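Trainee: predicted model and sequence follow; I will ask about them next.
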Amino acid sequence: MTAVSVLSVVSELYPLVKTGGLADVAASLPPALAAEDVQVCTLVPGYHAVLTALEERSEAHGFADLYGGPARLLRGRAAGLDLLVLDAPHLFMRPGGPYQDPSGVDWPDNAWRFAALARAGAEVALGRAGAFVPDLVHAHEWQTGLLPAYLRAEGGPPSVMTIHNLAFQGRFPAAVFGTLGLPPSAWGIDGVEYYGGVGYLKAGIAMADAVTTVSPSYAAEIRTKEGGMGLDGLLRQRGDRLLGILNGIDTTVWDPATDARLPAQFSADELTGRVVDKAVLQTRLGLDVQAHSLLYGVVSRLTWQKGLDLLLEALPTLLATGAQLAVLGTGEPGLEAAFAAAALAHPGRVGCVIGYDEGLAHLMQAGADALLVPSRFEPCGLTQLCALRYGSLPVVARVGGLADTVVDANEMAVASCVATGVLFAPPSRDMLESALLRTASLWRNHELWRRLQGNAMRTDVSWQRPAARYAALFREMIAGRAA
Ligand code: ADP
Ligand code: GLC
């Protein structure tokens, strides 16, 4: 196996900048690829948190003017990774989130902020930024969608575009095209043009050498009219150059046997620590401290995608079974208010923390008996993988990566000792309610519940197998280019 080097370009990186699972994937895939002899250098925007954390830094490249100001590429290390950082203070040194101002509105210059990131990636890929010259470029999400377009126009190594969520496409007015430094030939149906405007994700999908997404089921769903969000035709066209590779999680960050964030550690063979964690979680969320009540957890962005409005509708059924609900999330103000109101209306039975809290997310996985993920669509989902590992049985909609990672506790699966949770379809109030009733009856059978927990905790949710698939794809693309 020959060693290969990859430039991964991404707009978030755990634990420095994170709005969702993309940051987790960006941080945890490179170490797993190293075991496959794939060396990854990760290019990220120079947000304040990234520049503060960057160690052993050296300048690799300078730009006299990159969309309105000077910029440079810094090489260094942070978060345990080999990084290139695009230090462009006029674009990235701002308050608020990576894409939005502090009031939650998209930055008006996002088109140029992420054109700059793609441009910087192209400079590296073309060998103009010091010693690191990658054999392949791995671009993530719309924020890097122009990178395959630059490489198509200017040469350079092959590129792989990974779609983490088709709902975010990076669409901008047609006038943006003239500012991107792409040749006129890049405008058009095979390039960056998208319904009369510019589409960054569309450009990446059309022009990358291969496209991946984060689960096999999502790869199938996005080829359909219902799931394709306007891009299904193009995705179908890409044929076998579009494949689904499941995400994994960092099993050292998520290890109940060593997790220092937990009041008590535990393992599949020794679950007593879980009892302590449940009581601590119940106390923390203002719930009645009762070992016998089935405690559901939710750790999620509160958005339409996640189907949590269905959970609000199904709440009377959940409570009628005697269960409790603990919610940790942030997002749409309407959903935040509705969960806060539910906690007030059902003291001791529903608890809610509106906010983002890594430590509490770990406690939720360790203390809840079941994790609810009623998503309308879910490209992969990471919380159900954490839940499996922590023995919190996932109760999930049968969509995307949820369908690919949880085995429903039907009679056959239970008999074959492979069941790990509860699946329901379609994602609707009725089907969620019947899933809650099924889960309650599983809960009443202690011995069976224990077995399901054991199966869940033994599931391989690591990056080992997915990383091998990425490595094989990367090698195939590199060999194809050389041939
Ligand atoms: P998505 O990327 O669509 O939000 P994923 O399940 O892939 O969904 O990833 C979500 C990640 O964010 C997980 O690591 C999860 O633990 C974390 N997370 C989501 N909401 C919160 C929260 N309120 N507090 C802490 N962690 C959260
Ligand atoms: C997106 C998806 C989520 C996936 C994550 C990482 O945010 O919504 O399902 O797990 O990306 O790939």
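Mentor: Yes, it's here. What you see is a predicted model; the values in this text were computed from it and never measured. Numbering: from 1, shown residues only. Ligands and ions are numbered 1, 2, ... in the order given.

Trainee: only C-alpha atoms from now on, for both contacts and neighbour counts.
Mentor: Noted.

Trainee: who in the protein is up against ligand 1?
Mentor: Residues of the chain lying close to ligand 1 (C-alpha under 6 Å from any ligand atom) are 20-22, 299-301, 328-330, 355-358, 361, 381-383.

Trainee: give the buried subset of those as a PyMOL selection command.
Mentor: Buried members of those, defined by 16 or more other C-alpha atoms under 10 Å, are picked up in PyMOL with:
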select buried, resi 21+22+299+300+301+328+329+330+356+361+381+382+383
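
Trainee: ok, A268 to R458 distance?
Mentor: Per C-alpha to C-alpha, to the nearest Å, A268 is found 8 Å from R458.

Trainee: swap that for A435, sorry
Mentor: Going from A435 to R458 by C-alpha to C-alpha gives 23 Å.

Trainee: list the helices and strands the one helix or strand Y150 maps to packs on?
Mentor: According to DSSP states H and E, Y150 maps onto helix 146-154. With contacts taken as 3 or more C-alpha pairs under 8 Å, 6 or more residues apart in numbering; DSSP states H and E, helix 146-154 sits against helix 110-125, strand 159-163, helix 200-207.

Trainee: for the helix or strand immediately after the shortest one in the chain, packing partners?
Mentor: Read in the C-terminal direction, the helix or strand following strand 159-163 is strand 171-172, with elements assigned using DSSP H and E. With contacts defined as 3+ C-alpha pairs under 8 Å, 6+ apart, strand 171-172 has these neighbours: strand 197-199.

Trainee: show me where the stretch 351-483 of the chain has strands.
Mentor: Per DSSP state E, counting those that start in this stretch, the stretch 351-483 of the chain carries strands over the ranges 370-373, 393-397, 422-424.

Trainee: partner strands of the shortest one, parallel or antiparallel?
Mentor: In other words, strand 422-424. Next to strand 422-424 in the sheet, as set by DSSP bridges, lie strand 393-397 (parallel).

Trainee: what about the partner strand, average pLDDT?
Mentor: Strand 393-397 carries an average pLDDT of 98.

Trainee: can you classify A32 as helix, strand or coil?
Mentor: Per DSSP: H, G, I helix; E, B strand; the rest coil, the secondary structure class of A32 is helix.

Trainee: and the gap between it and Q39?
Mentor: Separation of A32 from Q39 (C-alpha to C-alpha) stands at 10 Å.

Trainee: the more surrounded of these two?
Mentor: For A32 versus Q39, neighbours defined as other C-alpha atoms under 10 Å are more numerous around A32 (23 against 20).

Trainee: residue contacts, the more buried one?
Mentor: Neighbouring residues of A32 by C-alpha atoms under 8 Å, 6 or more residues apart in numbering: W463, Q464, A467.

Trainee: try 10 Å
Mentor: Counting by C-alpha atoms under 10 Å, 6 or more residues apart in numbering, A32 touches 38-40, 248, 250, 462-468, 471.

Trainee: which one of those sits closest to A115?
Mentor: Nearest to A115 among those is V40, at 21.7 Å by C-alpha to C-alpha.

Trainee: what residues are up against whichever residue of the stretch 151-300 of the chain sits closest to ligand 2?
Mentor: The nearest approach of the stretch 151-300 of the chain to ligand 2 comes at H164, 4.1 Å away (C-alpha to the nearest ligand atom). By C-alpha under 10 Å, 6+ apart, the contact list for H164 reads 21-22, 25, 140-142, 212-215, 218, 247, 378-381.

Trainee: picking that back up, name the residues of the helix holding Y150 that are buried.
Mentor: Buried residues in helix 146-154, counted by 16+ other C-alpha under 10 Å: L146, L147, P148, A149, Y150, L151, R152.

Trainee: give me the low-pLDDT residue ranges for the stretch 301-450 of the chain?
Mentor: The stretch 301-450 of the chain contains no residues with pLDDT under 70.

Trainee: ok, which stretches of it are helices?
Mentor: 308-320, 333-345, 358-367, 383-390, 400-405, 411-415, 429-444, 446-458 (DSSP state H, counting those that start in this stretch).

Trainee: remind me what the second one packs against, helices and strands.
Mentor: If you count contacts as 3 or more C-alpha pairs under 10 Å, 6 or more residues apart in numbering; DSSP states H and E, helix 333-345 packs onto strand 295-302, helix 308-320, strand 324-331, strand 350-354.

Trainee: ligand 2 is nearest to which of the ones you listed?
Mentor: strand 295-302 (9.3 Å).

Trainee: any part of the closest one near ligand 2?
Mentor: No. Judged by C-alpha under 6 Å from any ligand atom, strand 295-302 and ligand 2 are separated, with a smallest distance of 9.3 Å.

Trainee: who does that strand pair up with?
Mentor: Sheet pairing for strand 295-302, assigned by DSSP bridges, gives strand 324-331 (parallel), strand 370-373 (parallel).

Trainee: and those strands, which is most packed in?
Mentor: A comparison of those by mean neighbour count, using mean count of other C-alpha atoms under 10 Å, puts strand 370-373 on top with a mean of 28.

Trainee: does that strand come close to ligand 2?
Mentor: No. Applying C-alpha under 6 Å from any ligand atom, one finds strand 370-373 separated from ligand 2 by no less than 10.7 Å.

Trainee: could I have the CA atoms of that strand written out in CSV?
Mentor: Presented in CSV, the C-alpha positions along strand 370-373 are these (Å, rounded to 0.1, in the frame of the first residue of the first chain):
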residue,chain,number,x,y,z
ALA,A,370,-33.4,5.8,25.0
LEU,A,371,-32.4,8.5,22.5
LEU,A,372,-35.1,9.9,20.3
VAL,A,373,-34.2,11.0,16.7
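
Trainee: CSV for the helices of the stretch 301-450 of the chain, including distance to ligand 2?
Mentor: Shown next, in CSV, are the helices of the stretch 301-450 of the chain (distance: least, C-alpha to the nearest ligand atom, whole Å):
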stretch, distance to ligand 2
helix 308-320, 14
helix 333-345, 18
helix 358-367, 15
helix 383-390, 8
helix 400-405, 7
helix 411-415, 25
helix 429-444, 19
helix 446-458, 18
